[in-house]
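S.K.: sharing a sequence plus its predicted fold:
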Amino acid sequence: MNVHFICRGNAHRSVMAEAYLKSLNLPGVTVVSSGTVADLYREPNRKSLQETLDFLTARGIGQYAKASSEQLTQERFHQNDVTVCVNQIAYDEGSQSVTFPSDTIVWDISDTNEGHRVLKPGDLPTMYDDEIFQQIKTNIDELVKKLSLAA
């Protein structure tokens, strides 16, 4: 089974999701991630991606994370059995350039500076990372149970 996580820049949430699911070492499960605007924001998102990699390394799963962002393309869907957009924003944005599978799962995981996760002057840009990661882990653990991916 193939699982594809999609966010906007492929520098934060989808990278966390990909690394966490890979870290579970589930037999027969391949995991990828991409972003709806990864190419457009590749340079500005370099720092965010590095912070995400540092975050995952500190939690012992950095070796499962990829080192560069990938743009969402239609071709990426042909080999995926499960497509997950991390929130409605990613789904809506992606829908402007690709046709999602009809069974695409849409979570409700806001990124930093989306929804209630708004930074104030002086806040660290990583202040919501633990909260976001916990929400991702919970959703993935539920997905694994639902799809009976565990051995």
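M.R.: Everything's here; your move. Numbering: from 1, shown residues only.

S.K.: just the helices in this structure please.
M.R.: Taking DSSP state H to define them, one finds helices in the chain at 13-23, 46-58, 88-95, 129-147.

S.K.: pull out the buried residues from the shortest one.
M.R.: Applying a neighbour-count criterion of 16 or more other Cβ atoms under 10 Å, one finds 89, 90, 91, 93, 94 buried in helix 88-95. C-betas here are computed from N, CA, C, even on glycine.

S.K.: right, and the second one touches residue 9 too?
M.R.: No: taking Cβ atoms under 8 Å as the definition, residue 90 is not a contact partner of residue 9, at 9.7 Å.

S.K.: who touches both of those two?
M.R.: residue 35 (Cβ atoms under 8 Å, 6 or more residues apart in numbering).

S.K.: mind listing what residue 43 touches?
M.R.: Residue 43 touches nothing, counting by Cβ under 8 Å, 6+ apart.

S.K.: distance of it from residue 22?
M.R.: Separation of residue 43 from residue 22 (Cβ to Cβ, to the nearest Å) stands at 26 Å.

S.K.: for residue 53, same thing?
M.R.: Using Cβ to Cβ, one gets 14 Å for the distance from residue 53 to residue 22.

S.K.: if you count what's nearby, which of those two comes out ahead?
M.R.: The residue with more neighbours, out of residue 53 and residue 22, is residue 22; 20 against 17, by other Cβ atoms under 10 Å.

S.K.: mind listing what the more buried one touches?
M.R.: 31, 61, 64.

S.K.: can we see that at 10 Å?
M.R.: Neighbouring residues of residue 22 by Cβ atoms under 10 Å, 6 or more residues apart in numbering: 3, 29, 30, 31, 32, 33, 61, 63, 64, 65, 66.

S.K.: what of residue 30?
M.R.: Per Cβ under 10 Å, 6+ apart, neighbours of residue 30: 1, 2, 3, 4, 21, 22, 79, 80, 81.

S.K.: go again with 7 Å.
M.R.: Going by Cβ atoms under 7 Å, 6 or more residues apart in numbering, residue 30 touches residue 2.
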